[in-house]
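Asker: From the sequence below, what's the structure:
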Amino acid sequence: MKRVSDDADAIEAGPNVAAALVACSWQPPRRAIDPFALLRYPGDWQLFSHAGGVLVARDMAMRIPLPGGLADAAGRAKAMAALGAVTAVPAPVPAPVPAAGAPLASAPSTGTRPPVTPPIAIAALPFDPHAPTALVVPRVLFDFTGTTTGAPALTCSVVAPRADLAGEVARVEGLLSRVEGERARLDLPPSTAATTTGTPSPSPSSPTTGPGGPDGVAEDSPWPADDVAVVDVTKPADFVAAVRQIVDRIASGDLVKVVLAFAVDVRATTGRHVADVPTLLGRLRARDPSAPLFAIDGLVGASPELLVARSGAEVVSHPLAGTAAGDKAPLLARSGKDLDEHRLVADDVVRRLEALCKEVHAPTAPSVVERAGIAHLGTLVRGVLADDPLRRPSVLDLLAALHPTPAVGGVPRDRALDVIRSLEAVDRGWFAGPVGWTDAEGDGEWMINIRSAAIGGGTARVFAGAGIVAGSDPIAELAEIRLKLRTMLDALGAPAERGA
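Answerer: Presented below is the predicted three-dimensional model:
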């Protein structure tokens, strides 16, 4: 699977490179653009939707390496410096530049947010916080903000060398005119679904036969269930044995919790690609219209879990732990095992944020959060950073402090990670790592990469994890894994009997 952030021809960030780039924003007078429809046009696209808006990015202006991974404080500082070195300039179009800096929405997946201020960096980061990785600064960004009523507000931005700016802006305007014109030609209604809530609006069809069609627009081509096969990459017997080992170590006092991952591959049986990203996103939207979505570097998912968001001095995290099928949701809040497991996660998030915030607030008891037929216990944690902006940690610093939380790692953290490395035969890669964006001011939003698939040609790899604590039953934990896998297996067209 080729990732945009691994592109050998990428422009590496450095003082001279970043300083040679300029950024501009403008608001085009259009209201008929569906953000998800943009992904059907040529380009290297990334998408992130959450907190009242959808970010759609195309192509790359700059690659910012993190050779020491997320855990490297010097690397994070250099990344923020590279973003800050890009100069903001007026857009070469007669349109106003929107103001930024409004606070986060009051809930993690509803409401609206202000337009982001370019440049931003967007990425899916590995689970291993020490693994080398990179952030990508998009060349073009379409930022849709709004609520579930009315048409979304669209802000466009470009990051490019000054000499290329006018041409790049003209190309963006041309693409928007084309998208708008094709919607009008097909007599489709204007989109009102720029946020992650509401009923998905239809994507434009096109008289093409696929990506190579006469208009260059990808075909919306659902694949029949008979065209895919599901293969357990993690062997169920190995998973059950690993759960038993962990439970024994917990009983001895060596561990408190370990999250054990399980991997399956969904393979195309007809020689075609296993999925196209726009169709997969459409299926995830149809299953849960309010779910945050992402499509970044070959990863496509609908994560239920906000790892951390920062807007100025405000910080929000929404850790989830404790899981049941949706029809068992009323029992979840009374399950001693699930409550204990969740408390480990929420307490860890609160403690780590208390070291960075002047205030941290969290309810004394979790609430039940339901997503696509799966219920979780969740705690909405809010923090307030220092009044002085120069003393505030960036969202990348907050990420480094929190990741991996006990929701995806374990307790104690380092010992649990050692167990994961020794017992999991399949490398997690980007599964359970952070996915999201940051801007030059240190604001941003990052989800945990779960309920996702890593797509590469004819195969999509899907992971799920189960939190193992005292009293965990191996067979019940395997059943929980199958439940969590269903979100992506259903979206990929895998029949229940082959993914259960």
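Asker: got the end-to-end distance for stretch 265-282?
Answerer: Start-to-end span of stretch 265-282 (CA to CA, to the nearest Å) is 21 Å.
Asker: average model confidence for that stretch?
Answerer: On average, the pLDDT along stretch 265-282 is 84.
Asker: Could you pull out the strands in the stretch 401-500 of the chain for me?
Answerer: 410-411, 434-439, 444-448, 452-456, 459-468 (DSSP state E, counting those that start in this stretch).
Asker: swap in the stretch 251-400 of the chain?
Answerer: 257-268, 293-296, 299-301, 306-311, 314-318, 320-325, 359-361, 367-371, 374-378, 381-384.
Asker: Sheet partners, orientation included, of the second one?
Answerer: Applying DSSP bridges to the sheet, strand 293-296 is found paired with strand 45-50 (antiparallel), strand 299-301 (antiparallel).
Asker: Low-confidence ranges, the protein, go.
Answerer: 1-11, 13-16, 30-31, 51, 94-112, 147-151, 184-226, 271-272, 496-500 (pLDDT under 70).
Asker: how about 80 then?
Answerer: Along the chain, the parts satisfying pLDDT under 80 run over 1-19, 30-32, 50-52, 93-114, 146-152, 183-227, 270-275, 457, 495-500.
Asker: quick one, domains of it?
Answerer: Partitioning the chain according to automatic domain parsing yields domains covering residues 4-185, 228-499.
Asker: Mean neighbour count added to these, as CSV?
Answerer: Where C-beta positions appear, they are placed from N, C-alpha and C, glycine not excepted. Putting these into CSV (neighbours: other CB atoms under 10 Å) gives the following:
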stretch, mean neighbour count
domain 4-185, 19
domain 228-499, 20
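Asker: distance of the nearest residue to Ala18 once chain neighbours are set aside from Gly442?
Answerer: In this structure, Ala18 finds its nearest non-sequential neighbour in Ala85, 3.6 Å apart by CB to CB, 6 or more residues apart in numbering. For Ala85, the distance to Gly442 (CB to CB, to the nearest Å) stands at 15 Å.
Asker: quick one: contacts for the closest residue to Asp490 other than its chain neighbours?
Answerer: Of all residues not flanking Asp490 in the chain, Arg287 sits nearest, at 6.8 Å (CB to CB, 6+ apart). By CB atoms under 8 Å, 6 or more residues apart in numbering, the contact list for Arg287 reads Ala302, Ala372, Thr487, Asp490, Ala491.
Asker: Restricted to helices, list those residues.
Answerer: Thr487, Asp490, Ala491 (DSSP state H).
Asker: Closest to Leu175 out of the residues you listed?
Answerer: Ala491 (27.2 Å; CB to CB).
Asker: how far away is that closest one from Thr459?
Answerer: 15 Å.
Asker: For Ser25, find the nearest of the strands of the stretch 251-400 of the chain.
Answerer: Per CB to CB, nearest to Ser25 of these: strand 306-311, 17.5 Å.
Asker: Centre of the chain to the closest one, how far?
Answerer: Distance of strand 306-311 from the chain centroid (CA atoms, centre = their mean, to the nearest Å) equals 12 Å.
Asker: what's the answer for stretch 305-320, then?
Answerer: On CA atoms, centre = their mean, the centre of stretch 305-320 falls 13 Å from that of its chain.
Asker: ok, which stretches of the stretch 151-300 of the chain are helices?
Answerer: 162-185, 236-251, 277-287 (DSSP state H, counting those that start in this stretch).
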